[in-house]
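K.L.:
Sequence first, predicted coordinates after that:
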Amino acid sequence: MNIQNFYKNRNQIVSGHLNELKEAFSLTSDEKKIIYSYRENICNQCPVKTQNVCDSKKWINPKTKELKYFHKEGFIKGCGCRLSAKQKAYNARCPAGFWGGEETMIRNSISNV
Ligand code: SF4
């Protein structure tokens, strides 16, 4: 991740790392555990993932899941984030749109009951 992206996303980065720490001390709510697990499962099946990183040297077509190692129209670049923290950041979203916004969806579905 370059310094501009780091500055732009600093709140998410701090939130993700704090939530990683909370999880290590078993302070994570059941709702959040479900969301983290959901995001982790998606990333684990994604070809952009390299070890624990959303690899910024890879581009993916979100519709076809085709992978490239160079920019091409319709392809999204990996964000370069450390995934175990990004998956736990409140407002984080997958750059390819595979996950994100789950907490809002859960809250909206609860308020509509
Ligand atoms: S954040 Fe999105 S693009 Fe990156 S590895 Fe996870 S699912 Fe793939």
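P.N.:
Nice, I can see it. Residues are numbered from 1 along each chain as shown.
K.L.:
Quick one: low-confidence residue ranges for this protein.
P.N.:
Applying pLDDT under 70 to the chain flags residues 1, 113.
K.L.:
which stretches of it form helices?
P.N.:
Using DSSP state H, the helices of the chain run over 3-8, 10-24, 30-44, 83-86, 102-111.
K.L.:
quick check, distance from the fourth one to the centre of its chain.
P.N.:
What separates the centre of helix 83-86 from the centre of its chain is 6 Å, taken as Cα atoms, centre = their mean, to the nearest Å.
K.L.:
mind starting the numbering at 219 from now?
P.N.:
OK, 219 is where the count begins now, so the last one is helix 301-304.
K.L.:
Redo the helices of the chain as a markdown table? Include mean neighbour count and distance to the ligand.
P.N.:
C-beta coordinates here come from the backbone N, C-alpha and C atoms, glycine included. Output for these, formatted as a markdown table (neighbours: other Cβ atoms under 10 Å; distance: least, Cβ to the nearest ligand atom, whole Å):
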| stretch | mean neighbour count | distance to the ligand |
| --- | --- | --- |
| helix 221-226 | 10 | 14 |
| helix 228-242 | 15 | 12 |
| helix 248-262 | 14 | 3 |
| helix 301-304 | 22 | 6 |
| helix 320-329 | 11 | 13 |
